[in-house]
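A.B. asks: My questions concern the predicted model and sequence given below.
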Amino acid sequence: MKESSFWKTIRKNLLVVTGNGIKLTRHEDRSAGIPDVSYLYKGVAGWIEIKYTPSFPVRATTIVRLYHFKPEQRLFIDTTLKNGGNAFILWRIGKEIFLFSGEVQAYLGHSTKKELVNICVNFWHYLDKDFYKELLLNITS
């Protein structure tokens, strides 16, 4: 599953879980550092940067690299947080999914799997019906 199909699955199921009550906008402004998705649900707005890596490194002690996370994207997330906004990174690695607060973005791409589990907001082993409800709760509370 590529990043684009991961996004389509998330979008479809978040709309179902909220009864079409969530507003999700996919942004294609890659050069400006704008995250992939903005959302608005029951008065809570924020940004989600979506990342996908096909698999974990073989060794548990190996750093999980995060490619294509540009300095402009990191700056946008920092600026959002400094101004009281919400920003998250949703990173799928193989079948496992991690949700990170933008506050820990400096560690992404420089941590082992165990370290990622310790710093994430939430962690799922696969997509299931509870994933979408928990994701929605995590990004809106």
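C.D. replies: Received the coordinates, thanks.

A.B. asks: Tell me what residue 25 is bridged to.
C.D. replies: Going by DSSP bridges, residue 25 is paired in beta bridges with residue 38.

A.B. asks: show me what contacts it?
C.D. replies: Contact analysis of residue 25 by CB atoms under 8 Å, 6 or more residues apart in numbering lists 37-39. C-beta here means a position set from N, CA and C on the backbone, and glycine is covered the same way.

A.B. asks: want to throw those into a markdown table with neighbour count and distance to residue 68?
C.D. replies: Shown next, in a markdown table, are those (neighbours: other CB atoms under 10 Å; distance: CB to CB, whole Å):
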| residue | neighbour count | distance to residue 68 |
| --- | --- | --- |
| 37 | 20 | 16 |
| 38 | 16 | 19 |
| 39 | 20 | 21 |
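
A.B. asks: centroid residue for the chain?
C.D. replies: With distances taken as CA atoms, centre = their mean, the residue of the chain nearest its centroid is residue 90 (1.5 Å).

A.B. asks: mind listing the strands in this structure by residue range?
C.D. replies: Using DSSP state E, the strands of the chain run over residues 23-26, 37-41, 44-53, 87-93, 96-101, 122-124.

A.B. asks: remind me which residues of the chain are low pLDDT?
C.D. replies: Counting by pLDDT under 70, the chain has low-confidence residues at 1, 29-31.
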